[in-house]
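Enquirer: Provide a 3D model corresponding to the input given below.
(3 chains)
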Amino acid sequence: MPRMVPLLFSSLVVLSAGLVSAQDTGGSINFATTADPTFNPWSPTAFVESNLINELIFPGLTRWDKNLKPAPDLATSWKASADGLKWTFNLRRNVKWSDGQAFNAADVAFTFNEIVLKKELAANGGSTWRNAVTKVNVVNPYQVDFILSRPWASLPTYLGYFAGILPQHKFAGVTDPWKFTDFNKQNPVGTGPFKVAQVISGASVKLVRNDLYWGGKPKLAAVTFKVIPDSNAQLAQLLSGDLDLISVGNPETVERIKAAPNLTVDLSTANVYYFVALNQDDPRFQDVRVRQALLYAIDRPAMIKSVLKGYGQVATGPIAPVQKGFYTKNVQQYPYDPAKAKALLAAAGYKPGPNGVLQKDGKPLIISMPTAAYQQLTPISLLVQQYWKDIGVQADLKTLDWNSYIQQVIVKRDYQASAAWWSTPADPDVLPYYDSSAANVGNNIPNYKNPKLDALLEQGRKDTGTARKATYVQAQKLMATELPYLYLWYPQSITAYNNRLTGMRGVTLPADFQYAAEWSVK
Amino acid sequence: MTRAATVPPAGEVRQRRTGLLPRLLRHPVGITAVLVLAVLYAAAFLGPFVYSASPITTDALNTTASPSAQHLLGTDELGRDVLARLLYGGRITLTISIVSMVVALSIGSLVGALAGFYQGWTETLLMRLVDTFMAIPSFFLILAAIAVLGNAPAVVVTVIGLGFWPQVARIVHAEVSKIRNFEFVEAGRALGASGSRLIWRHVFPQALPAAAVLTTLGIAWSILTETGLSYLGLGIQPPLASWGNMLQNAQTYFWVKPMLAIYPGAVIALAVLCFNLLGNVLRDLTDPRSRF
Amino acid sequence: MVGFLGRRIGQGMVVLLLISLVTFFLINLAPGGPSAAARFESTAEERAAIQKQLGLDRPLLTRYGSWATGVLRGDFGATLSGGQPVAPILRQRLGTTLQLGLAALVLSVVIGIPLGIITAMRRNSVLDHSVNALSTLGMSVPDFWTGIMAILLFAVTLKVLPASGLADMSAGFSLSEWLRHMILPAGVLAFVMLPNLVRFTRASLLEVLGADYLRTARAKGVREGRVIVKHALRNAFVPIVAMIGLILPALLSGSVIIESVFGLPGMGRLAVDAALGRDYNTIMAVTLAAGFIVILTNLVVDLAYTVIDPRIRHD
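Expert: Model (predicted):
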């Protein structure tokens, strides 16, 4: 029995010697994902763990260029009718699915008519699409018409945002597309530069080059996604060379990554904004002075410095600076000013109470603030709680797990204040998050209702050119004054990768993944 | 009936129990563990009166600061005082570990004693129940329960306690079954003492030493369990501090601020070590030949 | 013997039924609901459609009924997180956990029992005390902490072992690759179990060593090494086997954390993911499987007694 121990050790030594040569198989890279992916961008069980992988397998009609504007992918050109209710897309010819079948207009019509627009399927983002798109008609094998119920200028942008096209022929005879697990979990068929070669549940997904890819032979032979839920484990693997790229969730670790000579840290900006939602069903928050006071009370630059280590900038509204054509700085600003916050609350009728908590009509200003043990929501809420406490507002924090949080805050709207974030396409159309019709049932989390804003956002969907910009500038000014959400900041996305990986565009990760055929290794 | 209470316990049993505390305090390892634990408890429960920094006041402009006169052990990622959090976290963690063992001990002793004393179908029924709970690996059970009931401190305490009661029940059952047939119990029974009276006044106290050993080791187990739950994000939630969630939090900052992880890690290891040592010493003292 | 087996199997079934009832009604009371029905960005209409798809709009009793009849036919249902049948996933994950558990068990036994014997023979020696101190210390450090430290040392600093994950067996089974990936997690898991085994072996042996027949053997001039091997060990073996049976549930519990730390696709991590994602069908299957394993092990251990010590009979 004791002989076992030296035996183990000697085999270890031999093994570690063999490790070096194992790496130079050439043209293969390793990424991380957090769970087993679902190979179907529309499946309600596809989450963040599936998004990037699906970009490699299922291109959409458009993809984003370096300025995050829609560029041709499976569609080569498009135009809208004069009334904006019909969009015609010309499709790329000679595109083949990875199983050899030809791609054509029927696949596009199938994807939208049979999957996305079917209410009972509840496809990812389905309501956003159903909100404007009625159906997709096949004009000829290389042309489709999107028939709209209301104008939607952002259609081409949304078509490049996790809107992959599925193969009609594979779904023939499938009654429930979400239970089509042979496709969704094992053997998907797409038109992208990579196709699935092997899935080991809970361990890894290996993609190999799709030789039939229309854009020419992808430079990499293989891309493997390892399933690693823990971000510290991901970092450890990046440092040890087992992973080539990770998305850095906690900016605190950037310093450590920068210290490694073989790693590069890449910063990019997507249209993401963090916010504190104040439930508008609560009469206290219907007073705009209260909303403004609660924002004046938060030292956002200090929070950016501590929570984001400086990788972010103060947010002014839902349209981030990355949208150069629409973003405006000339809106009401809320620099950290506790005195002004107190004055506004005093004007709104709040007076200091016995225990330091402000009160109005004998009722103390206490805010119930559920938060989730998810990414950085808890630390953000803790800091906000402290800032509010400093001006005499008491926030009662309750930390829930993610699913319970969604149930309470999103489903039941049972909260008074809560911090979260929105990540949207780089497009000024933010109607789903602000429209009165989306209060309580949709993405309008604060249940904010303002007919003026509704009208502006509806107008923006119809406008084109400079009129569109003018409308959205007006909308941004209105939102900055009215504060439907308390805007916190636009974070920078931080990606860390091994220097051997080249060909990344450095835009945003989702946009980079749409050009994966260009990646290579040194 | 009054005479029943004066029936002396069997000699062997009595000898095992005499002077346990003095013997523990004379034992070099025992006294060390007791002293260290006393210091930890004193720090956690009295420390905040001496060290007045707040464990929850954040300061975004003074995060991960080095030790200073104002913050003796520096600040964490949100600018909170690390020492204050250690002290308050100690309160939570140490309270959880003890209360959860009280839960385990009460349920376990009750079930074990009833099963051991009454035999027959009561015993069969109760012990099958114990087996059921023993059969589910405790962590799976705790995981499911936390997912259901949420992670309020009271829930965490109860659930950890429920994870341990079957072991207590088993030991108490075994001890009580052993003692059940001793002369003095039979004598009591012959004298007409009621069952419950016999259990509580005579039989149960005899099973206490074994239960005490188990509880001491159980406290160590429950501290580690709370830490493990925190690692999975299911333990005590912020803004409350516990040693477990401090350690979990600090993991992210390990690369840049290892001290944030070292402090809670060290106190957890110290407390668990002392409870383990204490349990071992108690075991040696109460029953030198025992195996568990 | 047959009667004993029949009784134990019957009891085991009842226990499993109880487990399934308790778990089913508890998890369905949990707030949150399955991830697909609790998406941050989905609308009320989408959520209602998903509830319907997953059959969550039916009454609880009906759902238990259809789940239970499915299980009796050998169908554990589909995961709520991807629509796949639960059984094959569970089998695959169980495989990983068993590999991890067995590797850890072997390590504990191979290291723990000899250490227990040595410390029993050299009672109160420096060796005895240092093993005791070390093992108590090992019991006192959180296992995820030990795991992270091991990763930092062996994978990040020394770069001799992979930081996490399973060996890639697509090119066929390779024992060396398997060992490379298994040694850290199994080592850490064993490290946590080891102290119990060492201490227990030592205590069992000490008890036997004091027995009269050994004193007689020694008096007859039998060498101490022979006394230990021929007489003492054999008698100390029964409780040690029992201990191994007790270690198993602990190993399963430990695997939850170890698998998370080392990114191993085992049953423990499946349990955590399923609990967080409220994947009811998966939680049920995992809990039943864990219960089944423990019941089975207890039975095997009891039967093993008869083999090791013919004096024990089950009737």
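Enquirer: contacts only, for the residue in the stretch 51-200 of chain C that chain B sits nearest to.
Expert: Residue of the stretch 51-200 of chain C nearest chain B, by C-beta to the nearest C-beta: residue C:140 (3.9 Å). The way it works is simple: take the backbone N, C-alpha and C, and place the C-beta from them, glycine included. Residues in contact with residue C:140 (C-beta atoms under 8 Å, 6 or more residues apart in numbering or on different chains) are B:220, B:224, B:269, B:272, B:273, B:276.
Enquirer: ok, it to residue B:223 distance?
Expert: Going from residue C:140 to residue B:223 by C-beta to C-beta, to the nearest Å gives 9 Å.
Enquirer: which neighbours do those two have in common?
Expert: With C-beta under 8 Å, 6+ apart, residue C:140 and residue B:223 have common neighbours residue B:272.
Enquirer: which residue lies farthest from the center of chain C?
Expert: What lies farthest from the middle of chain C is residue C:220; by C-alpha atoms, centre = their mean that is 44.5 Å.
Enquirer: look at that one and report its pLDDT.
Expert: Model confidence at residue C:220, expressed as pLDDT, equals 75.
Enquirer: thought residue A:35 was touching residue A:46, still the case?
Expert: No: here residue A:46 lies out of contact with residue A:35, judged by C-beta atoms under 8 Å, at a distance of 10.4 Å.
Enquirer: ok, the two, which is more surrounded?
Expert: residue A:46 (23 against 19; other C-beta atoms under 10 Å in any protein chain shown).
Enquirer: A strand includes the more buried one, no?
Expert: No: applying DSSP: H, G, I helix; E, B strand; the rest coil, one finds residue A:46 to be coil, outside a strand.
Enquirer: contacts only, for it.
Expert: Counting by C-beta under 8 Å, 6+ apart, residue A:46 has contacts A:37, A:38, A:40, A:54, A:124.
Enquirer: just give me the closest of the residues you listed to chain C.
Expert: Of all the contacts of residue A:46, residue A:38 has the smallest distance to chain C: 5.7 Å, by C-beta to the nearest C-beta.
Enquirer: if I look at the residue nearest to the closest one when sequence neighbours are not counted, how far off is residue A:380?
Expert: Of all residues not flanking residue A:38 in the chain, residue A:46 sits nearest, at 4.1 Å (C-beta to C-beta, 6 or more residues apart in numbering or on different chains). Residue A:46 is 27 Å from residue A:380, where distance means C-beta to C-beta.
Enquirer: next one: phi and psi at the spatially most central residue of chain B?
Expert: Residue closest to the average C-alpha location in chain B (C-alpha atoms, centre = their mean): residue B:219, at 2.3 Å. When read as degrees, to the nearest 10, the backbone of residue B:219 gives phi -60, psi -40.
Enquirer: these two touch, right, it and residue B:274?
Expert: No: when contacts are counted by C-beta under 8 Å, residue B:219 is not listed as touching residue B:274 (9.7 Å).
Enquirer: who touches both of those two?
Expert: Between them, residue B:219 and residue B:274 share no contacting residue under C-beta under 8 Å, 6+ apart.
Enquirer: now name the helix or strand holding the residue nearest to the spatial centre of chain C.
Expert: Computing the C-alpha centroid of chain C and ranking residues by C-alpha atoms, centre = their mean puts residue C:252 first, at 2.3 Å. According to DSSP states H and E, residue C:252 maps onto helix C:233-261.
Enquirer: what's in contact with the helix or strand just after that helix?
Expert: The helix or strand immediately downstream of helix C:233-261 is helix C:267-276, counting by DSSP H and E. If you take C-beta under 8 Å, 6+ apart as the criterion, helix C:267-276 is touched by A:35, A:202, A:229, A:401-403, B:139-140, B:143-144, B:146-147, B:232-234, C:79, C:81, C:89-90, C:93-94, C:96-97, C:252, C:255-260, C:279, C:282-283, C:286-287, C:289-290.
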